[in-house]
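*Asks:* Here you go, sequence then predicted model.
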Amino acid sequence: MFYVKEKISPAVDVTVDIHDDNVFCTCPDCGCEVNVDLAQLFLAGEGDLYSTSVYCVDCSKPRLKVSSNKK
């Protein structure tokens with residue numbers, strides 16, 4: 001099991017297990033919170049946690065139209 005650990009103070013650590021329903025990021029366009037399924041995100045094997053951005057549904061629509069028009 002993977003988890004995130006954050007030191008709150010010298011005496012307190014918070015540890016949270018990572019599941020498919022508790023990973024979030026912020027949409028780089030509008031700033032809203034986006035739920036992220038890490039297994040789905042990295043399914044193709046071409047992502048990393050530092051440089052990958054996830055857009056919300058509304059902000060991703062124009063990008064999906066542009067990429068489908070390039071085909």
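*Replies:* Thanks, I have the structure now. The structure displayed is predicted, hence computed values, not measured ones. Residues are numbered from 1 along each chain as shown.

*Asks:* which ones are touching the residue lying farthest from the centre of the chain?
*Replies:* Computed with CA atoms, centre = their mean, the residue of the chain farthest from its C-alpha average is Ala11, at 29.6 Å. Ala11 makes contact with no residue, according to CB atoms under 8 Å, 6 or more residues apart in numbering. C-beta coordinates here come from the backbone N, C-alpha and C atoms, glycine included.

*Asks:* Surely Leu14 touches Ile8?
*Replies:* I think there's a mix-up here, since residue 14 is Val and not Leu. Yes. With contacts counted by CB atoms under 8 Å, Val14 reaches Ile8, the gap being 5.8 Å.

*Asks:* what sits opposite Val16 in the beta ladder?
*Replies:* Val4 (DSSP bridges).

*Asks:* Could you give the number of residues near it?
*Replies:* Residues near Val16, counting by other CB atoms under 10 Å, number 11.

*Asks:* Please apply the same query to Gly47.
*Replies:* Residues within reach of Gly47, counting by other CB under 10 Å, total 14.

*Asks:* With Asn35 as the reference, measure out to it.
*Replies:* 16 Å (CB to CB, to the nearest Å).

*Asks:* Same question for Pro28.
*Replies:* 15 Å.

*Asks:* Now do the helices in this structure.
*Replies:* 38-41, 57-69 (DSSP state H).

*Asks:* can you list contacts of the longest one?
*Replies:* Going back to what we said before, that points to helix 57-69. So helix 57-69 is contacted by Cys27, Asp29, Cys30, Tyr55 (CB under 8 Å, 6+ apart).

*Asks:* Next, count neighbours for the first one.
*Replies:* One way to gauge burial is a neighbour count; for Cys27, by other CB under 10 Å, it gives 17.
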